[in-house]
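A.B. asks: Predicted structure and sequence below. I'll ask about it afterward.
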Amino acid sequence: MNPIASISGMDTQFSQILNYQTKKNKAAPQTTVQEQGMTSQKIQSPESERDLKLQKERLQEASYDLEAIFVNMLLSEMRKSTWKTEMFHGGYAEDMWNDMLYDEYAKNMAKSNKFGIADMIYNQMEKYL
């Protein structure tokens, strides 16, 4: 009998996640002795390798998104410094269009790796995966 399932009021989704994690922890970390020495190494299952690859992809995308937010803040501050006349200013619609345009500029700048902020974030956070 599972002692965790006997706790009254436990959410079923939480218990399913907990059971999955305990099964995963029992199966994943196995150690082997190498022929040349007594060092041990972890053998990762294909499932855990896929999970790690997926986490790395998500981290890479999150670091690009964070750099895009930073670049967008820079661009919006630079845009505030430009002078607009009443004759050529399009009002609210132009401001909204400019916001969307500068969002795309920021995303493209972040993906181009010109600043390198995303790479630094990724390299610092990758060791915690």
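C.D. replies: Yep, that arrived. Everything quoted here is computed from the prediction, not taken from an experiment.
A.B. asks: correct me, but Lys111 touches Ser63?
C.D. replies: No: in this structure, Lys111 is not within contact of Ser63 by C-beta atoms under 8 Å, at 11.1 Å. Every C-beta, even on glycine, is put in place using the N, C-alpha and C of the backbone.
A.B. asks: Between these two, which is the more surrounded one?
C.D. replies: Set side by side, Lys111 and Ser63 show more neighbours around Ser63, with 21 against 12, by other C-beta atoms under 10 Å.
A.B. asks: Show me what secondary structure element comes after the helix ranked longest in the chain.
C.D. replies: When the chain is parsed with DSSP state H, its longest helix is helix 46-80. Next in sequence after helix 46-80, counting helices and strands by DSSP states H and E, comes helix 92-111.
A.B. asks: Tell me the buried residues in the helix or strand following that following helix?
C.D. replies: Downstream of helix 92-111, the first helix or strand assigned by DSSP H and E is helix 117-126. Judged by neighbour count (16 or more other C-beta atoms under 10 Å), helix 117-126 contains these buried residues: 117-118, 121-122.
A.B. asks: Determine the set of other helices and strands touching the longest helix of the chain.
C.D. replies: The contact analysis (3 or more C-beta pairs under 8 Å, 6 or more residues apart in numbering; DSSP states H and E) places helix 46-80 against helix 92-111, helix 117-126.
A.B. asks: list the contacts for Ile121?
C.D. replies: By C-beta atoms under 8 Å, 6 or more residues apart in numbering, Ile121 lies in contact with 63, 66-67.
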